[in-house]
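Enquirer: What shape does this take:
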Amino acid sequence: MEDIEKKEEHKEEIERKAPYETQTDAPENEEPDNSVDDTENPDVEAESSVVEPVETTIADATSLPDFTVQTKDGPKLFKNMKVVFQDEETNRFYLDNGKEKLILPAMTFKSIVSPESLHPQPEAFKDAEIAEESPAAVLGKTALPEFSMITTKGIGIFKDLTVQKFNPAENSYTLSNGETTLTVTAETFKEINKPERYEKVFDENTPAYEKLIDSQYEAYFKQRDNTADNFIHNLSVYCRKEANSPLDALTISKEIISRMDKEEKEKTRLILKQMAREEETINQVLINTYYEAIKGVPLDRETILQKKSEERIAKPFSDTISTNGALVDKDSKLKIGDTIKDMTFNIPKAFGTGKDRIFEDLTVISASKDGNNIILMDRNRSFYELSRDKVLEGYNKQQEKQHKAEMKQKRSNRIDVGWER
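Expert: Numbering: from 1, shown residues only. I've put the predicted structure just below:
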């Protein structure tokens, strides 16, 4: 008798404390329910992403009502299920009907034992709108997170904006910070107002493209698979993120193409050849792609000198000059602000061997003798970082040729009237 009591106590302790590892036997006299399908893997976990604490009393002898739930294999019907164990740590319920086992998240279990819990609102609110789980915007008060967006004026960074007005007719929001006013669609506002954006922290060194709303980032800055069909998109992405001039774009193009297999390389060459207008080279197509890509995000002289100073201007060198009219070198007439005509670059072709000659008119905006560094900007506000010594050598030769040509022109224009007494 004492042994039997000990066994009963041991059984109760297992059912109360141990994780659900054993199958509960069906009652001896109960006919098995053939409507429940057998499965290859009888341990099934119902799908749910919601876990909430549930207070419940587990009655060993009480079967749950018949129910269906979504499992990894799709919807499934369960009958005569009983609760065997509740794991309070994970807040899950372990069920068994003698043939199948099932693990239910708390919210799913609660919806079975209390179906009304799915509809807690009073009858009067059955048609009420339900707000999404996102931050509300108090008109004139809630400061939206910092973001950047490509507008008709290019890429802009926006801070401390608040919602001033919502226009239901146009489904748009008017945002302002007192200095800047912006109207955005409801879809764009939803992106700006995402909860995770409030958690992001940007500083003055964060590139503008990293602050873009998701839809624009994917369209303008997210790379795709390296295939011929995606080449123009990927080149444009790299141009916006890394290239400062057409020369950079051509270098990037060769790098992208070099990572393609032979078939994709040839396909890319044919696509670019088709894009080329009459007498245009493939390199010129790539240059046009660069200018088209950066159209919305051009730089200006101030941006290059201030925002890009640590990266591109010889800031560590105390002799860096950027004042308009200042001589680049005492032995040259070249000054900051001067435009050098017809600067020539010999660029390797994107495919095969040989080089193309590219001509640019470039304006000097900064120079450093110690760093042997000179920064020039073209009419499209792209900038070139070149060797100061080479630029001065080429410029001085050009000036010397121009001077000789002018002197020759002057001599040819002289009028000889002779001399008579």
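
Enquirer: Count the neighbours of residue 275 for me.
Expert: 15 (other C-beta atoms under 10 Å). Backbone N, C-alpha and C define where each C-beta goes, glycine included.

Enquirer: Could I get the contacting residues of it?
Expert: residue 285 (C-beta atoms under 8 Å, 6 or more residues apart in numbering).

Enquirer: which regions of this structure lie under the pLDDT threshold?
Expert: By pLDDT under 70, the weakly predicted segments of the chain are 1-61, 115-121, 296-319, 414-421.

Enquirer: Would you tell me which helix is longest in it?
Expert: What stands out as the longest helix in the chain, according to DSSP state H, is helix 388-412.

Enquirer: who's in contact with that helix?
Expert: Contacts of helix 388-412 with the rest of the structure, by C-beta under 8 Å, 6+ apart, involve 328-329, 332-334, 340-341, 343, 367-369, 371-374, 376.

Enquirer: in that helix, what's buried?
Expert: Residues 388, 391-392, 395 are the ones in helix 388-412 that count as buried (16 or more other C-beta atoms under 10 Å).

Enquirer: returning to what we had before: show me which of the contacts of helix 388-412 is closest to residue 179.
Expert: Distance to residue 179 across the contacts of helix 388-412 (C-beta to C-beta) is lowest for residue 376, with 33.3 Å.

Enquirer: hang on, isn't that closest one packed against residue 363?
Expert: Yes: with contact defined as C-beta atoms under 8 Å, residue 376 counts as touching residue 363 (6.2 Å).

Enquirer: Neighbour count for the two, which is higher?
Expert: Higher neighbour count among residue 376 and residue 363: residue 376, with 23 against 17, using other C-beta under 10 Å.

Enquirer: coming back round to it: any common contacting residues for residue 376 and residue 363?
Expert: residue 340.

Enquirer: Okay, residue 126 and residue 251: tell me how far apart.
Expert: According to C-beta to C-beta, to the nearest Å, residue 126 stands 64 Å off from residue 251.

Enquirer: quick one, the longest strand belonging to the chain and helix 388-412 angle?
Expert: Across the chain, the longest stretch assigned as strand under DSSP state E is strand 355-368. Between strand 355-368 and helix 388-412, the angle formed by their directions is 110 degrees, by axes from the mean of the first three to the mean of the last three C-alpha atoms, to 10 degrees.

Enquirer: Skip ahead from strand 355-368 and say which helix or strand is next.
Expert: Remark: after strand 355-368, the chain's next helix or strand is strand 373-377, criterion DSSP states H and E.

Enquirer: Can you list the strands that that next one pairs with?
Expert: When pairing is defined by DSSP bridges, strand 373-377 lines up against strand 355-368 (antiparallel), strand 383-387 (antiparallel).

Enquirer: So for residue 126 and residue 251, which residue has more residues nearby?
Expert: Higher neighbour count among residue 126 and residue 251: residue 251, with 15 against 8, using other C-beta under 10 Å.

Enquirer: if I look at the more buried one, how far off is residue 389?
Expert: Taken as C-beta to C-beta, the span from residue 251 to residue 389 is 22 Å.

Enquirer: correct me, but residue 208 touches residue 154?
Expert: No: Residue 208 is beyond contact range of residue 154, at 9.7 Å (criterion: C-beta under 8 Å).

Enquirer: Between the two, point out the one with more neighbours.
Expert: More neighbours surround residue 208 than the other of residue 208 and residue 154, with 19 against 13 (other C-beta under 10 Å).

Enquirer: center of the chain, which residue is that?
Expert: Nearest to the geometric centre of the chain sits residue 217, at 4.3 Å (C-alpha atoms, centre = their mean).

Enquirer: which non-adjacent residue is nearest that one?
Expert: Leaving aside its chain neighbours, residue 217 sits nearest to residue 209 (6.8 Å; criterion: C-beta to C-beta, 6 or more residues apart in numbering).

Enquirer: where does residue 277 fall, phi/psi-wise?
Expert: When quoted as degrees, to the nearest 10, the phi and psi of residue 277 stand at phi -80, psi 180.

Enquirer: What about residue 97, how many residues nearby?
Expert: So residue 97, with other C-beta under 10 Å, has 20 neighbours.
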